[in-house]
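Engineer: this one's structure only:
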DNA sequence: GCATCATATGCCGATATCGGCATGCGTCAA
DNA sequence: TTGACGCATGCCGATATCGGCATATGATGC
């Protein structure tokens, strides 16, 4: 019957988790230390359920850890998952300084090659 | 009337563009040099329209440039847009080595603070 | 012009995503 | 136990996303 396949990857990976601006803000805030949900929501101007949902995503990909502290639930940063992304982008470091030199060079080569044909 | 607001950010930023595994593969391949659409599609095992669509997204966020070369259209890498991501993740570099030491330390601080209240 | 190759675009179906809202559940204190 | 607080979850509506397919657009060569 061959159903259409729709979406492939989903929010269960780190790349996707940090594609959301608000989630990036949460991570940035958590660098200063653990924080309860309500405080995060307040500081970032979002609703409490909104914050909880984003935190859930971040927790599922391992960027955030939570622990109970009495009535509250403290969320803390676990940045290890960001390392692969840092390294992946780092693999392009050589290119973002010389991108257009390279392009130009390639164009030159191409013209050369054409004249020699 | 207050309609629901649904999705906030969209595919028009670099974080989102590289959230797609196939788009990351395209970028990785383009490190080796410019390539036409069909070749990309073939090497990555996707359909030509599929490749074209992903390339469109990459082009719209500026990660890829295209130029016409006769019948073909060559796509080339413009990695400058990856730099902000590299730097953003780099802002967490201090944390991904000592994440849990810090957490523990914070817990200690917290206990201290509580006893002193 | 016409056929051909290379690429882009449009439509569709399935599903994922996000925000808002209400509500559930657990914990603490009185 | 009851109430208050902190947080999570569920449901909904609007929209975005992705793959597959057919088709349009564009350039080339005859």
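Structural biologist: Ah, there it is. Just so you know, these numbers come straight off a predicted model, no measurement behind them.

Engineer: point out where chain A drops to low pLDDT.
Structural biologist: Residue ranges of chain A with pLDDT under 70: A:1-11, A:99-117.

Engineer: do that again at 80, thanks
Structural biologist: Applying pLDDT under 80 to chain A flags the ranges A:1-12, A:98-117.

Engineer: look up how far residue A:32 lies from residue A:22.
Structural biologist: Residue A:22 is 17 Å from residue A:32, where distance means C-beta to C-beta, to the nearest Å. Yep, even glycine has a C-beta here, placed from its N, CA and C like the rest.

Engineer: for these two, indicate the residue with more neighbours.
Structural biologist: residue A:22 (17 against 8; other C-beta atoms under 10 Å in any protein chain shown).

Engineer: contacts only, for the more buried one.
Structural biologist: By C-beta atoms under 8 Å, 6 or more residues apart in numbering or on different chains, the residues touching residue A:22 are A:44, A:46, A:50, A:54, B:8.

Engineer: so is whichever strand or helix holds it next to DNA strand D?
Structural biologist: Element membership of residue A:22 [criterion: DSSP states H and E] is helix A:21-30. No: judged by C-beta under 7 Å from any atom of the strand, helix A:21-30 makes no contact with DNA strand D; its nearest approach is 11.4 Å.

Engineer: return the list of strands paired to the helix or strand that comes right after that helix, each annotated with direction.
Structural biologist: Tracing the chain C-terminally past helix A:21-30 and defining elements by DSSP H and E, one meets strand A:35-36 next. Within its sheet, strand A:35-36 is paired with strand A:72-77 (antiparallel), according to DSSP bridges.

Engineer: could you tell me the angle between the partner strand and helix A:21-30?
Structural biologist: 90 degrees (axes from the mean of the first three to the mean of the last three C-alpha atoms, to 10 degrees).

Engineer: the helix or strand just after strand A:72-77 vs chain B: in contact?
Structural biologist: The helix or strand immediately downstream of strand A:72-77 is helix A:83-90, counting by DSSP H and E. Yes: using C-beta under 8 Å from any C-beta of the partner chain, helix A:83-90 reaches chain B at A:83, A:85, A:86, A:88, A:89, A:90.
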